[in-house]
Structure formats: structure tokens, C-alpha cells
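Visitor: I'll drop the sequence and a predicted model, then ask my questions.
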Amino acid sequence: MNKNIDIVTDSDGKKIVLIHDIRFKGKRQIDWGDVEEYVKGYVDQCYEMIETAEKIYIGKDFPDEFSHSKDTKILKGTNAKAKANSSQAIGELIHIATNKTSAPDYNSKHKKKAKYGWYRYDTKFGLPVYEHESVIRYNVFSVRMLVRHDSDGKLYLYDILRTKKETSKPL
């Protein structure tokens, strides 16, 4: 995967992954099948978080969940394009993730997938805004990473949720 990505620190000391290219474009809708195929390139990779030194693995279930989850289906417009393009920086998003919290297994539907529980982490990324083929600023998005603690004792990225554009401080 050819990456054009940087990790920067904002004025509040928080890390943000800057993704310099828009890979998934579309006036109306994102082709989530294309996104899923792209994300399959991460399967069997492992990334370490700066904050907790935890190793997060990418399992075979991640591409489908990332591209076709309930959370993804309700995304529209800018937030849908942002989630699709965040797929270019999965490792970096894991690397800078913070604020680990335990998460319940809503409706007890994933008990087998996460024998030892679920965790959520916060992370941020920025995407360029162009004017006349020049970058004029970056829109910043916050997301929650959902990670499952599997019966093999490893942590696996399951999905990226709640893609939301931050309106207070564009870069």
C-alpha cells in the first residue's frame, strides 16, 4: 500500500493522522466493496499503540465489518467519505489511539468473538480540502475504534465507529 500519511500534533498536544490523498471519491456514494478489498490488505498485520503499548491485530473479520457494519450503513456524505478514506491509515490510527475504555457487548450478540470483552479507543485523522488543486486546509475527524479481546488472548480491531467531523478547529 502506497501511503502519503503523517502524524502531527495539534495545538492541544493531541496526535492526528494526516492523510494527504483522497483515495475513495464519489459525488453520491462510496463503493464499499472497493473499500473492503483495499482493507483486506491489512489482514494479519499487527500495530502497537503508543499510549498503552498494546498490540492490535487485524483479523479476517475486520474488512467486512469496517465496510458493511450498521455504523457504516448510516453514514452519509462527508462522514462516509471520511471513514472510507481513513482505511488508508489503519496502522497509524491504531498507533495514536488513546482513552481506552471497556465496552459492553450490546445485545449479547458477539460473545463468541470477544471472549474477554470489548474495548474502545479514541483516535483522529485529517483529510485535505482542495481549492483549485491546492490543499487549503485539513478537516479533522474523530472516530472510536472497537477492539475485541479474543479467546486466543490477542486484541483485534473489529470496526471504526462514530466517524464525526470536528467543527471547532480545522487544521
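Guide: It's in. Numbers count the residues shown, from 1 in each chain.

Visitor: from what I see, Y156 and I56 are in contact.
Guide: Yes: contact criterion C-beta atoms under 8 Å: Y156 and I56 qualify, at 7.1 Å. C-beta here means a position set from N, CA and C on the backbone, and glycine is covered the same way.

Visitor: what about those two, which has more around it?
Guide: I56 (24 against 20; other C-beta atoms under 10 Å).

Visitor: and the helix ranked longest in the chain, what's its mean pLDDT?
Guide: Secondary structure of the chain per DSSP state H: the longest helix is helix 77-86. Across helix 77-86, the average pLDDT comes to 94.

Visitor: check stretch 157-164 too.
Guide: 95.

Visitor: buried stuff in stretch 157-165?
Guide: Neighbour-count burial for stretch 157-165, counted by 16 or more other C-beta atoms under 10 Å, picks out 157-163.

Visitor: nope, stretch 114-127 is what I was after
Guide: 114, 118-127.

Visitor: so which of those comes closest to H95?
Guide: T123 (8.7 Å; C-beta to C-beta).

Visitor: and the pLDDT at the closest one?
Guide: For T123, the predicted pLDDT is 98.

Visitor: test my guess that it contacts N99.
Guide: No: the pair T123 and N99 fails to qualify as a contact (C-beta under 8 Å) at a distance of 9.0 Å.

Visitor: what sits against the nearest residue to K25 once chain neighbours are set aside?
Guide: Spatial nearest neighbour of K25, chain neighbours left out: K81 (7.4 Å); criterion: C-beta to C-beta, 6 or more residues apart in numbering. Applying C-beta atoms under 8 Å, 6 or more residues apart in numbering, one finds that K81 lies in contact with 22, 24-26, 30, 127.
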